[in-house]
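[1] can't give you the sequence, but here's the structure:
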């Protein structure tokens with residue numbers, strides 16, 4: 001059964017508060033957090049982003065379609081931009097009664113153009129979703145279900161994605177290495193219109209274990 005908005009809010013508060021503080025304390029960091037920074041804890045030299053996850057992946061970056069496109073200057077334009085519009089949709093979009101298209105329903109030239117953009121900007125995309133302009137030195141993946149923490153330096157992450165490839169699935173695009181998803185892109189998809197058509201990226205536990 002899906003969580004109610006109130007339940008989701010309480011879980012996010014716990015993850016970004018108590019659980020994040022526990023990780024900071026264990027790593028000798030001062031907790032920073034907040035929605036305006038990617039830095040969750042720092043000691044003045046090391047700055048860590050902490051991802052508390054109850055499953056095999058968790059949200060790492062959420063932004064509007066327009067902001068995502070602007071982040072790459074002229075990188076997302078024309079057909080690549082049209083892919084994002086078809087994939088994420090909008091309140092006035094109508095495709096067989098739906099407010100978006102799944103990947104196989106999108107014009108092939110749009111899909112190929114967006115894949116070319118992804119291939120040409122793999123490092124830049126990962127830099128955006130991990131750091132977004134902040135000097136993140138490490139990422140911690142706190143697997144709450146299995147009570148286990150994983151950690152990689154930012155340089156380790158960049159090294160791991162070198163040979164990873166983008167795979168287009170029905171409702172999302174996955175960056176995979178040896179068949180395992182490291183990151184994936186989907187639309188936010190909430191019922192509330194203001195939270196429905198945004199660009200959402202997830203980070204996977206596989207990034208730390210493969």
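    Perfect, thanks for sending it. Because the structure is a prediction, the values reported are computed rather than measured. Numbering: from 1, shown residues only.
[2] going forward, measure contacts and count neighbours with C-alpha atoms only.
    Will do.
[3] is it true that residue 153 touches residue 141?
    No - checked against Cα atoms under 8 Å, the pair residue 153 and residue 141 is beyond contact range at 11.5 Å.
[4] what about these two, which has more around it?
    A count of neighbours by other Cα atoms under 10 Å puts residue 141 above the other of residue 153 and residue 141, at 22 against 15.
[5] Backbone dihedrals for the more buried one, both of them.
    phi -110, psi 110 (degrees, to the nearest 10).
[6] show me the contacts for it.
    Contacts for residue 141 were tallied using Cα atoms under 8 Å, 6 or more residues apart in numbering; they are 50, 51, 52, 53, 149, 150, 151, 205, 208.
[7] which residues in the chain form strands?
    30-31, 41-42, 47-53, 57-63, 138-143, 148-153, 165-168, 173-177, 180-187, 199-204 (DSSP state E).
[8] The longest one: partners in the sheet, and parallel or antiparallel?
    Using DSSP bridges, the strands paired with strand 180-187 in its sheet are strand 173-177 (antiparallel), strand 199-204 (antiparallel).
[9] so what pLDDT did residue 17 get?
    According to the prediction, residue 17 has pLDDT 66.
[10] typed the wrong thing, it's residue 171
    89.
[11] wait, isn't it in contact with residue 104?
    No - using Cα under 8 Å, residue 171 is not in contact with residue 104, being 9.1 Å away.
[12] Give me the more crowded residue out of those two.
    residue 171 (15 against 12).
[13] With adjacent residues omitted, what lies nearest to the more buried one?
    The spatially closest residue to residue 171, leaving aside those adjacent along the chain, is residue 102, at 5.6 Å (Cα to Cα, 6 or more residues apart in numbering).
[14] mind listing what the one you found touches?
    87, 170, 171.
[15] Deepest-packed of the strands paired with strand 180-187, please.
    strand 199-204 (a mean of 23; mean count of other Cα atoms under 10 Å).
[16] now the strands paired with strand 180-187 as JSON lines including distance to residue 116?
    Converted to JSON lines, the strands paired with strand 180-187 look like this (distance: least, Cα to Cα, whole Å):
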{"stretch": "strand 173-177", "distance to residue 116": "13"}
{"stretch": "strand 199-204", "distance to residue 116": "18"}
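[17] Please identify which of the ones you listed is closest to residue 44.
    strand 199-204 (25.3 Å; Cα to Cα).
[18] tell me how far the closest one is from the chain's mean position?
    Distance of strand 199-204 from the chain centroid (Cα atoms, centre = their mean, to the nearest Å) equals 2 Å.
[19] Can you name the residues in contact with it?
    Contacts for strand 199-204 (Cα under 8 Å, 6+ apart): 56-65, 68, 88, 129, 181-188.
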